[in-house]
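Novice: got a predicted structure here, sequence first:
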Amino acid sequence: EPEVTQTPSHQVTQMGQEVILRCVPISNHLYFYWYRQILGQKVEFLVSFYNNEISEKSEIFDDQFSVERPDGSNFTLKIRSTKLEDSAMYFCASSDTGVGTEAFFGQGTRLTVV
Amino acid sequence: GESVGLHLPTLSVQEGDNSIINCAYSNSASDYFIWYKQESGKGPQFIIDIRSNMDKRQGQRVTVLLNKTVKHLSLQIAATQPGDSAVYFCAEKDSGAGSYQLTFGKGTKLSVIP
């Protein structure tokens, strides 16, 4: 069964450093998403991406964040100058069509900022 | 602001019994709803979805009911099994044009007693 894969599974970084979280969406999917889940809280939408550009982003997704699809398979989330409150599980998801269809989630990357 | 929320944070059921997990939503513009299951250390896994023009949808051992009048969504799991133990999230999507983001509820933890 096709799946969304994320690397690394756990990333520890020092406050102020930049991190790049990587995702390989399902190969024939066209819509890509990043969500995050702070421990014990809701899963929160960050950004959606289609046709090599951001379709929609939340208030959380400020200038500290950026996304990129550097090649035909990877989808990355870059967090610049990390803060302690960026510590969370970051989930990548993809879907074959954007609106009203099933989004498949990856296993997540646990980011710990120390 | 409008949000999706859950009535019960935890639910314990005996193996073989039916489970009902509830969700209240407040965004009357939502037109698509999904139930996700999240096991420890994993990403959300799609269970079943329903569009706002329906009031019931059935899957394998699961049924989702949508009551738009009172803005209520429920997930029924028949013959609950130990493997059903997880946190269950409802999520909604706004019908607004170009809106791709899912808004998740807080989650209900289902524990199945063998």
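Specialist: The structure has been received and is ready for your questions.
Novice: from here on, just use CA atoms for contacts and neighbour counts.
Specialist: Noted.
Novice: surely residue A:43 and residue A:36 touch.
Specialist: Yes: here residue A:43 reaches residue A:36: they are 5.7 Å apart, a contact under Cα atoms under 8 Å.
Novice: buried stuff in stretch A:4-23?
Specialist: For stretch A:4-23, a neighbour-count test (16 or more other Cα atoms under 10 Å in any protein chain shown) marks A:4-7, A:9, A:11, A:13, A:15, A:19-23 as buried.
Novice: write out the residues of chain B neighbouring chain A.
Specialist: Applying Cα under 8 Å from any Cα of the partner chain, we find that chain B lies next to chain A at B:32, B:41-46, B:49, B:51, B:93, B:98-107.
Novice: just the buried subset of these, please.
Specialist: If you count burial by 16+ other Cα under 10 Å, the buried members of the residues of chain B next to chain A come out as B:32, B:43-46, B:49, B:51, B:93, B:99-107.
Novice: of all the buried residues of stretch A:4-23, which two lie farthest apart?
Specialist: Farthest pair in the buried residues of stretch A:4-23 (Cα to Cα) is A:4 and A:15. Separation: 28.1 Å.
Novice: dihedrals phi and psi, residue A:106?
Specialist: With angles defined as degrees, to the nearest 10, residue A:106 shows backbone torsions of phi -80, psi -180.
Novice: before we move on, what about residue B:83?
Specialist: Here the main-chain torsion angles of residue B:83 (degrees, to the nearest 10) amount to phi -70, psi -10.
Novice: distance of it from residue B:91?
Specialist: The span separating residue B:83 from residue B:91 equals 22 Å under the rule Cα to Cα, to the nearest Å.
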